[in-house]
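Chemist: pasting the structure only:
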């Protein structure tokens, strides 16, 4: 027994020595052929050297790291090519529950997928033709109005009555005008520009994707097949993982789908309702640029706290620019935004989204600031679901580490989804 144990120890040492030599040789080889080096060569060499040692935990970790790095490089290189597939998969994920519900009522999955795709394409094309030109026109008008307001503000500071008033308190009108021009007005312009261009850039990016002739044809086509075969696609994706991990992957998917799907679908529904209501009410009370404000309000519905405060600021600024009684318009605009926010928070969200996303307010604000710092306006939109998913993995890692995982029994009781054969 002792001789056998000693033999196993010596064999493990040999494996570790071979692993170290293989890694050293790999780095040496990479240095020698650096002029003709490509990620395919690096990944292939890593697999060739380390796969025979896959019984070692260290070798498996290195192989997984190489595979992940190669995967991200592959996505980066083929980013433009994969955009239609990513968009199609996202749309299929959003529409999947509706197709599944119709399938449960006896409608063939291919038929319901086809009808939904045709309706969705018709709505998108109608929106592009009817709404987008008017929205861009109002965006341009807002920029011009903002520039005019800033110019009037600087001229007011330089006026003789204002200069005489400031002189009484020992304040130089020229210095204040210079400070306002170089700092205050510049920051106001930057803030307004970022807020409006963030939304404008989002929609211009989406319109660029949709306006491409190739994508107009290929995205609905791919979406139809993703939607029709969504359960099979999900099942095949799970089979890519090691067999012993597939059960845990299914549990993770179900939980993330519950959190992410509920948030995205519910918030998107609320955003559409919000955009329609704000546009209609602002149009009725005489606030300028109602369509643009409605679109911005709908997009900002995805951003808790900051979205509401930003909409209050924008609506108050635009209300002061609207013709008529400024004070009345300002009160009506702020009241409309506030009432709509209360309705969303206490009426629509509980009914459409259901429970909360599960983030403490401090973590929610931290995630918004962090994602916006690294990814800008798009980071604000994805901050909440991404942070919720990260928290899910952290909590499950902690439970797994302490042998007290509770996600599986909760989901097995809640979700009785069957996997396709």
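Modeler: That came in fine, so what should we check first? Since the structure is predicted, the reported quantities are computational estimates derived from the model, not experimental observations. Numbering: from 1, shown residues only.
Chemist: which phi and psi does residue 107 have?
Modeler: Residue 107 has phi and psi values of phi -80, psi 130 when expressed as degrees, to the nearest 10.
Chemist: what's the neighbour count on it?
Modeler: 14 (other CB atoms under 10 Å). From N, CA and C alone the C-beta is placed, and that goes for glycine too.
Chemist: next, work out how far apart it and residue 74 are.
Modeler: 38 Å (CB to CB, to the nearest Å).
Chemist: do residue 125 as well
Modeler: 33 Å.
Chemist: ranges for the helices of the stretch 151-300 of the chain?
Modeler: Applying DSSP state H, counting those that start in this stretch to the stretch 151-300 of the chain gives helices spanning 160-167, 173-179, 185-211, 213-228, 230-239, 246-256, 262-285, 290-300.
Chemist: by mean pLDDT, show me the worst of those.
Modeler: Looking at these, the lowest mean pLDDT belongs to helix 185-211 (a mean of 54).
Chemist: could you chop this structure up by domain?
Modeler: In terms of domains, the chain is parsed into 2-77, 82-240, 241-416 (source: automatic domain parsing).
Chemist: name the element residue 374 belongs to?
Modeler: Per DSSP states H and E, residue 374 falls inside helix 361-401.
Chemist: relative orientation of that helix and helix 290-300 in degrees?
Modeler: 30 degrees (axes from the mean of the first three to the mean of the last three CA atoms, to 10 degrees).
Chemist: of the domains of the chain, flag the one that's most buried.
Modeler: domain 241-416 (a mean of 16; mean count of other CB atoms under 10 Å).
Chemist: residue ranges with poor pLDDT in the stretch 251-400 of the chain?
Modeler: 353-360, 377 (pLDDT under 70).
Chemist: got a list of what residue 323 touches?
Modeler: Neighbour list for residue 323: 286, 288 [criterion: CB atoms under 8 Å, 6 or more residues apart in numbering].
Chemist: then residue 88?
Modeler: 219, 220, 222, 223, 226.
Chemist: need phi/psi at residue 302.
Modeler: Main-chain dihedrals, residue 302, degrees, to the nearest 10: phi -80, psi -10.
Chemist: and for residue 108?
Modeler: Here is the backbone geometry of residue 108 (degrees, to the nearest 10): phi -60, psi 140.
Chemist: pLDDT value on it, please?
Modeler: Per the predicted model, pLDDT is 89 at residue 108.
Chemist: going forward can the numbers begin at 394, since that is how I track them
Modeler: I'll keep to 394 as the first residue from here, and by that count the last item is residue 501.
Chemist: okay, it and residue 492: tell me how far apart.
Modeler: Taking CB to CB as the measure, residue 501 falls 10 Å from residue 492.
Chemist: try residue 690
Modeler: 30 Å.
Chemist: can you check residue 730 too?
Modeler: The gap separating residue 730 from residue 492 is 35 Å, by CB to CB.
Chemist: ditto for residue 633
Modeler: Distance from residue 633 to residue 492, by CB to CB: 24 Å.
Chemist: thinking again about what came up before, I'd like the contacts of residue 481 as TSV, with distance to residue 657 appended.
Modeler: Shown next, in TSV, are the contacts of residue 481 (distance: CB to CB, whole Å):
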residue	distance to residue 657
612	18
613	20
615	19
616	16
619	16
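Chemist: so which of those is the closest to residue 742?
Modeler: Distance to residue 742 across the contacts of residue 481 (CB to CB) is lowest for residue 616, with 27.8 Å.
Chemist: which ones are touching the closest one?
Modeler: Applying CB under 8 Å, 6+ apart, the residues contacting residue 616 are 480, 481, 484, 485, 488, 510.
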